[in-house]
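Participant: Need a 3D model of the following:
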Amino acid sequence: MRVLVTGGAGYIGSHTVLALLRAGHEVHVLDDFSNASPEALARVGAMTNGRIGLTRGDVRKDSALDAAMEGFGPEAVIHFAGKKAVGESESAPLLYYDINVGGTVALLAAMDRHGCGGIVFSSSATVYGSPDYLPLDEDHPTRPANPYGRTKLMSEGIIADWAGATDGASAISLRYFNPVGADVSARIGEDPIGVPDNLMPFIAQVAIGRRKELAIFGADWPTRDGTGERDYIHVSDLAEAHVAALAHVAGRTGYDVCNVGTGTGSTVLEMVAAFEAATGVAIPYRLTDRRPGDVKSYVASVDKARDLLGWESRRDLPDMCGSTWAWQQANPNGFRD
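Facilitator: Predicted coordinates:
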């Protein structure tokens, strides 16, 4: 299948491009490289001996979208392009609505212009907000607590409306939990710009000596050890979920949503212990106050992913931690090495 991947040079995007090429798909990437490096795609191409078409541009711009689609003729789109930091969304909400929502609208309009009727959307479990129950299933109420989550939920609604109004259209939103890890090759991985927003890259930067210590926000949560619990999923498993979702979209019409996680939660201290066990490196940390907006636990129900997509996660915590450390050791400064 010919697949256009917006934001395909990013962390999840580059791993998905790798999985797509390994599955025999043709890939064209649209990326403005505002939060990614062209080196990621160069390495994916070298690992697969695959050709990756590339258009450098903004997903909000008709000219960039038309340039990416003309000639290539995508049969489906995987849509990653967007902003993703919760804290930044609080301070710059209009930017998030412009890029995340405006980019989705522009993309769907371009798909209409070029006769492309299938899309897999990169959504987030943040659309659920504070859990009423666990594990979180797809029927849980959606009430995101920050602008980032609201842009994801709004984009989901726009895609659902588009799919309902467009003959032959097919779409699915994948609600990610917490992607971590790196490809087993250690050639691509998570390379955050500035201070990492997420736990695993921060742990890795402490381990490699770029950061002094890890701050753990809250030690008084009602969990096994007092620290927050999350459902961490290996990024390569997540990439393979996109390949499965693409096959699902190709075989049907209409719209659906699906969680992508492992169904198992790990606390912050359990992740620190797992990283230390996998690498032999001690991670200094300090306990500090809870952050506003944090919740005790976020764990996915994964039954629908298994039943609808025929997909299940395969990699465990040692895989997540070991691959992160292999990537960080081989690339102490990320793609800037």
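
Participant: how about the helices in the stretch 51-200 of the chain?
Facilitator: Listed in chain order, the helices of the stretch 51-200 of the chain (DSSP state H, counting those that start in this stretch) span residues 62-69, 86-91, 93-96, 102-113, 147-165, 199-208.

Participant: Against which helices or strands is the first one packed?
Facilitator: Of the remaining helices and strands, those touching helix 62-69 by 3 or more CB pairs under 8 Å, 6 or more residues apart in numbering; DSSP states H and E are strand 26-31, strand 52-56, helix 102-113. C-betas here are computed from N, CA, C, even on glycine.

Participant: Please enumerate residues in contact with the second one?
Facilitator: The set of residues that contact strand 52-56 without belonging to it, under CB atoms under 8 Å, 6 or more residues apart in numbering, is 8, 17, 21, 26-33, 38, 41, 44-45, 64, 67-68, 72.

Participant: can you redo the helices of the stretch 51-200 of the chain as TSV with mean pLDDT, mean neighbour count and distance to G265?
Facilitator: Compiled in TSV, the helices of the stretch 51-200 of the chain are given as follows (pLDDT from 0 to 100; neighbours: other CB atoms under 10 Å; distance: least, CB to CB, whole Å):
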stretch	mean pLDDT	mean neighbour count	distance to G265
helix 62-69	98	18	38
helix 86-91	91	16	19
helix 93-96	98	16	27
helix 102-113	98	20	30
helix 147-165	98	20	19
helix 199-208	95	22	13
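
Participant: part of a helix, is A305?
Facilitator: Yes. The assignment for A305 by DSSP: H, G, I helix; E, B strand; the rest coil puts it in a helix.

Participant: burial count for N178?
Facilitator: 22 (other CB atoms under 10 Å).

Participant: ugh, wrong one, I meant R51
Facilitator: Number of residues near R51 (other CB under 10 Å) recorded here: 11.

Participant: Touching, it and V44? I think so.
Facilitator: No. In this structure, R51 sits apart from V44 without contact. The criterion is CB atoms under 8 Å, and the distance is 10.9 Å.

Participant: Name the surrounding residues that touch stretch 32-39.
Facilitator: Outside stretch 32-39, the residues that touch it by CB under 8 Å, 6+ apart are 7, 9-11, 13-14, 54, 56-59, 64, 81, 83, 191, 193, 334-336.

Participant: which ones among those residues are found in strands?
Facilitator: Residues of the contacts of stretch 32-39 located in strands (DSSP state E): L54, R56.

Participant: Now, of the contacts of stretch 32-39, which are buried?
Facilitator: Among the contacts of stretch 32-39, those buried by neighbour count (16 or more other CB atoms under 10 Å) are 7, 9-11, 13-14, 54, 57-59, 64, 81, 83, 191, 334-335.
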